[in-house]
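Q: Take a look and give me a structure for this.
(one chain, ligands or ions: 1)
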Amino acid sequence: MRTIYLDHNATTPIRPQVVEAMLPYLGPVYGNASSIHAFGREARVAVEEARQTVAGGIGADPAEVFFTSGGTEADNAALAGVVRACSERGGHLITSAVEHHAVLHTARFLAGRGCRLTVLPVDAFGQVDPDDCRRAIAADTVLISLMHANNEIGTLQPVAEVGAIARERGVLLHVDAVQSFGKIDAQVDALGCDLLSLSAHKVYGPKGVGALYVRRGTPFAPLLHGGSHEAGRRAGTENVPGIVGFGKATELALRERDSQAVRLSALTETLWSGLCARIDRVRRNGHPAQRTPNTLNVSFYAAEGESLILSLDLEGVAVSSGSACTSGTEEPSHVLMEIGLEPRLAQSSVRFSFGRDNTMEDVDYILEILPPIVQRLRDVSVLV
Ligand code: PLP
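A: Down below sits the predicted model:
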């Protein structure tokens, strides 16, 4: 059976060149990057090369980037790290209602422990209003955390505007760039951020490795305590193969980013116009232009989302209903609810997230198989 993977926002297939780059570090080059002997030095060189590549990808100095176990840890470390380091100033945190749970749940955890939290609403496209952010800033505000691109609907946030406001008011800005890195330009100075989270497995790298950028001089208390790894910002022996893979994946992703963006945008637009022509009562979720090029989120009125996903799965097509960690739950997506969808409509939504191996033939295939699936589900639906 033909298989088509359209869930690249959940994770991406690791590239063969990335595996190849990692292999020596899973085998003969096994030194601990903190050891001062030759074995250790060889691992250290590889880690520092990867740091240089990843930092270069966001326009940062390598000394401002440390490796983590992924985007989730980077988000946790950013929020808790700044709030704890600034706690003598009270600790007010501002974020948006459509953040990934790695940010939202961390923010709520901190709020349960004395931090004051403001969660900004978003408009129908999923964007925050920078003026809302400006109004929310108070004397005790220490950090704004705003995602660059949304994982479910692809919408880009007005991060640079918020960054300018943050700077003007002396507040720090953290940006979760897990979904934008490798797809669109994500430079720390252009975004005006002080901290920025990355994850390797969204850019055809290995799972379980990510990075956090912390601008020089930013107050930061580490999440993990132990040895003095990663310049004292993250204790624990470095995941050398993972870090090397992240470096290689970054190098390859950045090289082809702009050409892929044009191609992926054409695929998502063709799918959307094809769906509109073939299926009535469909709705596009998220901003049609200010978005990541690979993401299309669609609601199919009166067709239950999980059934749509399972029906597509039976035809070899992998899509998702929202973020990977919430799909499979009964709860409608918090992102779709926040942009104003009724729970029933939110539960009738599918996220198509394209990647570098997808082609126009994949779009044609979906346009062929999806209309009868939607019709069949509508015929038996109680969601009218
Ligand atoms: N932030 C965003 C926007 C994401 O999409 C994800 C993963 O889906 C994460 C953070 C978490 O990254 P990781 O899977 O590396 O923990």
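
Q: The closest residue to the ligand within the stretch 1-150 of the chain: what's it in contact with?
A: Residue nearest to the ligand within the stretch 1-150 of the chain: G71 (2.5 Å; CB to the nearest ligand atom). C-beta: built from backbone N, CA, C; applies to glycine. For G71, the contact set (CB atoms under 8 Å, 6 or more residues apart in numbering) comprises H100, A102, D176, V178, S197, L198, S199, K202, G210.

Q: Stretch 358-367: which residues count as buried?
A: N358, D362, V363, Y365, I366, L367 (16 or more other CB atoms under 10 Å).

Q: and the first one, how far is that from the ligand?
A: Looking back up the chat, that one is N358. To the ligand, N358 is 19 Å away according to CB to the nearest ligand atom, to the nearest Å.

Q: and that residue, that's in a helix?
A: No: the assignment for N358 (DSSP: H, G, I helix; E, B strand; the rest coil) gives coil, which keeps it out of a helix.

Q: Which stretches in the stretch 101-250 of the chain count as strands?
A: Per DSSP state E, counting those that start in this stretch, the stretch 101-250 of the chain carries strands over the ranges 116-120, 141-147, 172-176, 195-199, 210-214.

Q: mind putting these in a markdown table, distance to the ligand and mean pLDDT included?
A: Supplementary listing: the strands of the stretch 101-250 of the chain in a markdown table, determined by distance: least, CB to the nearest ligand atom, whole Å; pLDDT from 0 to 100:
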| stretch | distance to the ligand | mean pLDDT |
| --- | --- | --- |
| strand 116-120 | 16 | 97 |
| strand 141-147 | 5 | 97 |
| strand 172-176 | 5 | 98 |
| strand 195-199 | 3 | 98 |
| strand 210-214 | 5 | 98 |
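
Q: Reformat these as TSV; add mean neighbour count.
A: Shown next, in TSV, are these (neighbours: other CB atoms under 10 Å):
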stretch	mean neighbour count
strand 116-120	18
strand 141-147	26
strand 172-176	28
strand 195-199	29
strand 210-214	27
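
Q: what bits of the protein have low per-residue confidence?
A: 88-90, 322-330, 383-384 (pLDDT under 70).

Q: quick one, domains of it?
A: As given by automatic domain parsing, the domain ranges for the chain are 4-11+257-379, 16-252.

Q: and the ones you listed, which is most packed in?
A: Stretch with highest mean neighbour count among these: domain 16-252 (a mean of 21; mean count of other CB atoms under 10 Å).

Q: That domain: end-to-end distance?
A: With CA to CA, to the nearest Å as the measure, domain 16-252 spans 11 Å from end to end.

Q: to the chain's geometric centre, what's the distance from it?
A: 10 Å (CA atoms, centre = their mean, to the nearest Å).

Q: cool, and stretch 280-294?
A: 17 Å.

Q: what about it, how long is it end to end?
A: OK, stretch 280-294 end separation, CA to CA: 23 Å.

Q: After the longest helix along the chain, which helix or strand is next?
A: Longest helix of the chain, by residue count under DSSP state H: helix 240-278. Next helix or strand after helix 240-278 toward the C-terminus (DSSP states H and E): strand 282-285.

Q: who does that next one touch, helix- and strand-wise?
A: helix 240-278, strand 295-300 (3 or more CB pairs under 8 Å, 6 or more residues apart in numbering; DSSP states H and E).

Q: In CSV: the ones you listed, plus distance to the ligand.
A: Listed next are those as CSV, based on distance: least, CB to the nearest ligand atom, whole Å:
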stretch, distance to the ligand
helix 240-278, 11
strand 295-300, 11
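
Q: Output these in a markdown table, with distance to C115 appended to each entry.
A: Listed next are these as a markdown table, based on distance: least, CB to CB, whole Å:
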| stretch | distance to C115 |
| --- | --- |
| helix 240-278 | 31 |
| strand 295-300 | 31 |
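
Q: which parts of the chain sit against the ligand?
A: 70-72, 75, 100, 102, 147, 151, 176, 178-179, 199, 201, 210, 323-324 (CB under 6 Å from any ligand atom).

Q: Among the residues you listed, which lie within helices?
A: Of the residues of the chain next to the ligand, the ones assigned to helices by DSSP H are G71, T72, D75, A102.

Q: Nearest to R135 among these?
A: Ranked by distance to R135 (CB to CB), these are led by D75 at 24.6 Å.

Q: With adjacent residues omitted, what lies nearest to that closest one?
A: Once flanking residues are discounted, D75 sits nearest to A102: 4.0 Å by CB to CB, 6 or more residues apart in numbering.

Q: I figured the one you found hits A78, correct?
A: No: taking CB atoms under 8 Å as the definition, A102 is not a contact partner of A78, at 9.7 Å.

Q: ok and whatever helix or strand R44 lives in relative to helix 240-278, angle-wise?
A: Under the criterion of DSSP H and E, R44 resides in helix 38-57. If you take axes from the mean of the first three to the mean of the last three CA atoms, to 10 degrees, helix 38-57 sits at 30 degrees to helix 240-278.

Q: Return helix 38-57 as PDB; C-alpha atoms alone will do.
A: C-alpha atoms of helix 38-57 as PDB (Å, rounded to 0.1, in the frame of the first residue of the first chain):
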ATOM      1  CA  ALA A  38      42.000  12.300  23.800                       C
ATOM      2  CA  PHE A  39      38.800  10.300  23.800                       C
ATOM      3  CA  GLY A  40      37.000  13.200  25.600                       C
ATOM      4  CA  ARG A  41      38.600  15.900  23.400                       C
ATOM      5  CA  GLU A  42      37.300  14.200  20.200                       C
ATOM      6  CA  ALA A  43      33.800  14.200  21.600                       C
ATOM      7  CA  ARG A  44      34.200  17.800  22.700                       C
ATOM      8  CA  VAL A  45      35.300  18.900  19.300                       C
ATOM      9  CA  ALA A  46      32.200  17.300  17.800                       C
ATOM     10  CA  VAL A  47      29.900  18.900  20.300                       C
ATOM     11  CA  GLU A  48      31.400  22.400  19.800                       C
ATOM     12  CA  GLU A  49      31.100  22.100  16.000                       C
ATOM     13  CA  ALA A  50      27.400  21.300  16.400                       C
ATOM     14  CA  ARG A  51      27.000  24.200  18.800                       C
ATOM     15  CA  GLN A  52      28.500  26.500  16.200                       C
ATOM     16  CA  THR A  53      26.200  25.300  13.500                       C
ATOM     17  CA  VAL A  54      23.100  25.500  15.600                       C
ATOM     18  CA  ALA A  55      24.000  28.900  17.000                       C
ATOM     19  CA  GLY A  56      24.800  30.100  13.500                       C
ATOM     20  CA  GLY A  57      21.300  29.100  12.400                       C
END
